[in-house]
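Peer 1: sequence first, then the predicted structure, then my questions.
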Amino acid sequence: VRLVNVRKVYGTTANPVAALDGVTLGLPSGSFTAVMGPSGSGKSTFLQCAAGLDLPTTGRVYIQGEELAGNSEAVLTKFRRQRVGFVFQQFNLLPTLTVMQNVTLPLRLAGRKIDRRRCREILGRVGLGDRLDHRPAELSGGQQQRVAIARALVTDPRVVFADEPTGALDSRSAREVLELLRESVQVYDQTVVMVTHDPVAASYADSVVFLVDGRLAGGLDNPTADAVA
Ligand code: ADP
Ligand code: ADP
């Protein structure tokens with residue numbers, strides 16, 4: 001994932017708000033990066049632009065060497081469905097679908113073959129092999145977020161974007177979720193980009209970047225990352 005001089009401006013011409021103001025950053029394949037910063041510093045905007053959910057006002061964003069700008073919305077949607085996975089603070093599971101149906105949904109949306117054995121295997125990996133027919137409301141928050149992680153991983157994305165994935169969880173559930181994200185990086189060589197307020201969550205990442213007023217405030221290698229795994 002590479003951002004080059006990314007600027008994102010909201011608001012009117014008379015009253016522009018630069019949510020991102022000249023962000024240049026490369027996140028190596030197979031890395032786990034935490035994005036931190038005060039409220040309003042541009043973290044969500046960063047994630048949206050880096051994931052191709054939104055396009056920058058100026059500047060360039062590349063995923064796997066491919067530039068996102070210049071593509072139609074349809075091409076961007078297809079790109080997201082094939083290459084990236086998302087995990088949200090509020091899980092965003094579909095309440096009327098079972099756990100299994102939630103997990104197979106990205107495959108359906110992408111028009112891909114539903115390999116039920118593989119879906120069961122992924123749900124087993126996140127510790128929910130015995131909850132396939134449950135609805136989200138029958139699960140704890142931590143279990144729901146693990147379903148969301150299975151859903152994000154089922155397409156075997158190269159990059160997983162997580163927006164405050166532990167923000168609604170107790171500390172034990174948060175650790176389980178963070179360990180799954182870490183495993184995605186270490187075992188499956190995926191790239192994870194996680195926005196978080198929580199220093200404990202950030203300590204699971206290999207590196208931390210800080211945003212202040214839409215600008216990078218210098219990153220640092222995470223000294224505690226090795227100790228956590
Ligand atoms: P964070 O995630 O760090 O809280 P955001 O990326 O949500 O920060 O917001 C960065 C800045 O951009 C803030 O000043 C916010 O008010 C503004 N902003 C974000 N989204 C919009 C929008 N859709 N319209 C107008 N301003 C926005
Ligand atoms: P849209 O149809 O609004 O352009 P998408 O089809 O890209 O959006 O995604 C719709 C929603 O489906 C996303 O917000 C996300 O919750 C979920 N989703 C899409 N692709 C994936 C994926 N690869 N992994 C997990 N969830 C996904």
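Peer 2: Nice, thanks for sending it over. Ligands and ions are numbered 1, 2, ... in the order given.

Peer 1: helices or strands next to the strand or helix carrying I149 in the packing?
Peer 2: Assigned by DSSP states H and E, I149 belongs to helix 141-153. If you count contacts as 3 or more Cβ pairs under 8 Å, 6 or more residues apart in numbering; DSSP states H and E, helix 141-153 packs onto strand 84-87, helix 99-109, helix 116-125, helix 171-186. Bear in mind the C-beta positions are built from the backbone N, C-alpha and C, glycine included.

Peer 1: now that helix and helix 171-186, what's the angle there?
Peer 2: Angle between the axes of helix 141-153 and helix 171-186 is 20 degrees (criterion: axes from the mean of the first three to the mean of the last three Cα atoms, to 10 degrees).

Peer 1: following helix 141-153, which helix or strand shows up next?
Peer 2: Taking DSSP H and E, what comes next after helix 141-153 is strand 159-163.

Peer 1: sheet partners, orientation included, of that following strand?
Peer 2: Strand 159-163 sits in its sheet next to strand 84-87 (parallel), strand 191-195 (parallel), going by DSSP bridges.

Peer 1: looking only at pLDDT, what's the mean for that strand?
Peer 2: Mean pLDDT, strand 159-163: 97.

Peer 1: what sits up against it?
Peer 2: 1, 44, 47, 50-51, 63, 83-89, 152-153, 181, 184, 190-195 (Cβ atoms under 8 Å, 6 or more residues apart in numbering).

Peer 1: that strand and ligand 1, are they touching?
Peer 2: No. Shown here: strand 159-163 not in contact with ligand 1 (Cβ under 6 Å from any ligand atom), separated by at least 8.2 Å.

Peer 1: what residue is smack in the middle of the protein?
Peer 2: Nearest residue to the geometric centre of the chain (Cα atoms, centre = their mean): F161, 1.4 Å.

Peer 1: who does that residue form a beta bridge with?
Peer 2: F86, V193.

Peer 1: now it: how far from ligand 1?
Peer 2: Going from F161 to ligand 1 by Cβ to the nearest ligand atom, to the nearest Å gives 13 Å.

Peer 1: would you mind measuring from that residue to R81?
Peer 2: Counting by Cβ to Cβ, to the nearest Å, the gap from F161 to R81 is 13 Å.

Peer 1: same check, this time on T166
Peer 2: For T166, the distance to R81 - Cβ to Cβ - is 25 Å.

Peer 1: same check, this time on D163
Peer 2: In terms of Cβ to Cβ, D163 sits 18 Å off from R81.

Peer 1: neighbour count winner among those two?
Peer 2: Higher neighbour count among D163 and R81: D163, with 20 against 17, using other Cβ atoms under 10 Å.

Peer 1: can you give me the neighbour number for the closest residue to the more buried one other than its chain neighbours?
Peer 2: Of all residues not flanking D163 in the chain, V195 sits nearest, at 5.0 Å (Cβ to Cβ, 6 or more residues apart in numbering). By other Cβ under 10 Å, 24 other residues sit near V195.

Peer 1: now stretch 29-40 - C-alpha only, CSV.
Peer 2: Output of stretch 29-40 as CSV, limited to C-alpha atoms (Å, rounded to 0.1, in the frame of the first residue of the first chain):
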residue,chain,number,x,y,z
SER,A,29,3.6,-6.3,2.0
GLY,A,30,3.3,-8.5,5.0
SER,A,31,3.5,-5.6,7.5
PHE,A,32,1.1,-4.8,10.4
THR,A,33,0.7,-1.1,10.8
ALA,A,34,-1.2,0.8,13.5
VAL,A,35,-2.5,4.3,12.7
MET,A,36,-2.9,6.5,15.7
GLY,A,37,-3.8,10.1,16.4
PRO,A,38,-6.2,12.4,18.1
SER,A,39,-9.9,12.5,17.1
GLY,A,40,-10.3,14.5,13.9
